[in-house]
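>>> Here you go, sequence then predicted model.
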Amino acid sequence: MADWTYRIIDQSGKERKGNIVAESEAEAKNKLKMDGNMVISLTKATALTKEISFSVGGKVKPRDLSVFCRQFTSMVNAGVTILDTLDMLSDQTENKVMAKAIRGVHAEIQKGETLSDGLKKYPNVFPDIMVSMVAAGEASGKIDVAFDRMSAHFEKSAKLNGMIKKAAVYPIIVVIVAIAVVIVMLVKVIPSYSEMFNDLGTELPGITKAVVAMSDFVTGYWYIVIAVIAAIVIAIKLYKQTDSGQMFFGNLARKVPVFGKLNIKTAASNYARTLSTLVYSGLPMIEALGITADTMKNALYKKALKNAREEVSKGVPLSEPITACGLFPPMVSHMTKIGEETGDLEGMLTRLADYYDEEVELATQTVMAAIEPMIILVLALIVGVLVAAVMAPMLSMYQAMDSL
């Protein structure tokens, strides 16, 4: 397979540029002409002309999906056809991966596929929940309503993710800075004092001996330190890929101090928001639970919801397995049960999601307020130990001089 750079005139009369993968120039031309395009030029792509995507893993952010759904709804409601809507959105979408996927969906519809089938062929861009919602909208004739609901869903998901990242970024940055300071002290500062410590001719304090020994080890065997750290990181990543590792870290995320409650409330919000959106679209409960389970990042909640799907398929009310798993806060099972009894499960889940969205925001603020003094204390401890290690011999020397 080779990459080919093309310039074409599409069916709407617009000039387009891009790349296509094909075995030969003839095959590339045939692919382009199949979509009703007129080929102006077609050359083998080089390192300079090859289309490059900078999106890591080809993932599209919830915010991008929210904007796409909102714009799609506005254009369709204005009377623009789906093909023209996709055509315009592919031109104005800044994310290259998403723009390419939209053009692909446009091509699939021209071949006679439905919009949902076209979206399904790009799972790294359009998630299952979106494909299912669009399919339900096509079946009911309310595709604009489906996209409007999805825009709200992705917008709130983006807000939720932003709050979680906000809580995590600050401590991560501080930890990185602290590690950098310690490395500089051990590699540059402490060695410069080592000769002076040796010339003192007095017994060094224990804290100074420990820091000097650590400095000597880091400067002399830095490759061992790097190898050990790399081995630990690789081992953790490999363990996280196993079932037991996913369960271990899933349980750890729920119980870790400060962040545990935030993770639980985030999972509750994600469950309620996703399931309410799918139930609203008219999707069968069993299928909706399967999709909701796949959206859960924590393996414990994923397993619990898949088990709930099995129980519901046997005729058991959803509230029972949700209560039995013991992972969700009591309010989640109570509101789910009330929704089942009143026949308004979608409404109850929507209100539940709104409640936990606010709870996540409050929990994030609480986490930030709790972490800041903890980080200050840790940094003070690290700096204090290093300063004490440097100053202790000097103080001992001054005391010895005073006694003379």
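Structure received.
>>> Check the chain for its longest helix and report it.
helix 345-403 (DSSP state H).
>>> pLDDT averaged over that one, what's the number?
What helix 345-403 shows for mean pLDDT is 79.
>>> Spit out the contact partners of the most centrally placed residue in the chain.
Residue closest to the mean C-alpha point of the chain, counted by CA atoms, centre = their mean, is residue 161 at 7.4 Å. For residue 161, the contacting residues are residue 62, by CB atoms under 8 Å, 6 or more residues apart in numbering. No exception for glycine: its C-beta is placed from N, CA and C like everyone else's.
>>> mind checking which helix or strand it is in?
helix 143-184 (DSSP states H and E).
>>> ok now that helix, how far from the chain's centre?
8 Å (CA atoms, centre = their mean, to the nearest Å).
>>> got the angle between it and helix 345-403?
Helix 143-184 and helix 345-403 are oriented at 10 degrees to each other (axes from the mean of the first three to the mean of the last three CA atoms, to 10 degrees).
>>> The residue lying closest to residue 342 once chain neighbours are set aside and residue 316, how far apart?
Closest residue to residue 342 in three dimensions, ignoring its sequence neighbours and counting by CB to CB, 6 or more residues apart in numbering: residue 348, at 7.4 Å. Separation of residue 348 from residue 316 (CB to CB, to the nearest Å): 18 Å.
>>> got it, and residue 70?
From residue 70 to residue 316 the distance is 38 Å (CB to CB).
>>> ok, the two, which is more surrounded?
Just comparing residue 70 and residue 316: by other CB atoms under 10 Å the higher neighbour count belongs to residue 70, 17 against 13.
>>> tell me which element the more buried one falls in.
helix 62-77.
>>> Might you calculate how far that helix sits from the centre of the chain?
Put simply, helix 62-77 sits 21 Å off its chain's centre (CA atoms, centre = their mean).
>>> same for that helix, what does it pack against?
For helix 62-77, the packing partners by 3 or more CB pairs under 8 Å, 6 or more residues apart in numbering; DSSP states H and E come out as helix 82-92, helix 96-110, helix 143-184.
>>> what is the orientation angle of the longest one with helix 82-92?
Using the same axes, to 10 degrees, the inter-axis angle of helix 143-184 relative to helix 82-92 is 20 degrees.
>>> So for helix 143-184, mean pLDDT?
For helix 143-184, mean pLDDT is 80.
>>> How about stretch 319-330?
Mean pLDDT, computed over stretch 319-330, is 92.
>>> Over to stretch 188-205?
On average, stretch 188-205 scores 68.
>>> Likewise for stretch 271-287?
On average, stretch 271-287 scores 85.
>>> What is the end-to-end distance of that stretch?
14 Å (CA to CA, to the nearest Å).
>>> Could you do stretch 131-151 as well?
13 Å.
>>> buried stuff in it?
Buried residues in stretch 131-151, counted by 16 or more other CB atoms under 10 Å: 131-137, 143, 145-151.
>>> Show me how far stretch 128-142 is from its chain's centre.
24 Å.
>>> Doesn't residue 42 lie inside a strand?
Yes - counting by DSSP: H, G, I helix; E, B strand; the rest coil, residue 42 is located in a strand.
>>> Let's see the pLDDT reported for it.
81.
>>> now residue 339
Per-residue pLDDT puts residue 339 at 91.
>>> if I pick it, what's in contact with it?
345-349.
>>> sorry, back to before: against which helices or strands is the longest helix of the chain packed?
helix 143-184, helix 190-200, helix 206-220, helix 259-280, helix 330-342.
>>> Next one: the closest residue to residue 127 other than its chain neighbours from residue 376, what distance?
Excluding its sequence neighbours, the residue lying closest to residue 127 (CB to CB, 6+ apart) is residue 295, at 7.3 Å. Distance of residue 295 to residue 376, computed by CB to CB: 37 Å.
>>> quick one, which of these two is more surrounded?
Neighbour count, other CB under 10 Å: between residue 295 and residue 376, residue 295 has more, with 19 against 11.
>>> Now do the same contact list for the more buried one.
Counted by CB under 8 Å, 6+ apart, residue 295 has contacts 127-129, 270, 274.
>>> hmm, try it at 7 Å
129, 270, 274 (CB atoms under 7 Å, 6 or more residues apart in numbering).
>>> Can you give me the distance of residue 330 to residue 107?
50 Å.
>>> residues contacting residue 360?
160, 163, 262, 265-266, 269.
>>> tell me the contacts of the nearest residue to it once chain neighbours are set aside?
For residue 360, ignoring the flanking residues on the chain, the nearest one in space by CB to CB, 6+ apart is residue 265 at 5.0 Å. By CB under 7 Å, 6+ apart, residue 265 lies in contact with 356, 359-360, 363.
>>> is it possible to export those residues to a markdown table including distance to residue 253?
Listed next are the contacts of residue 265 as a markdown table, based on distance: CB to CB, whole Å:
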| residue | distance to residue 253 |
| --- | --- |
| 356 | 16 |
| 359 | 17 |
| 360 | 14 |
| 363 | 14 |
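>>> Which one of these is nearest to residue 286?
Nearest to residue 286 among the contacts of residue 265: residue 356, at 23.8 Å, using CB to CB.
>>> Would you check how far apart the closest one and residue 282 are?
On the measure of CB to CB, residue 356 and residue 282 end up 24 Å apart.
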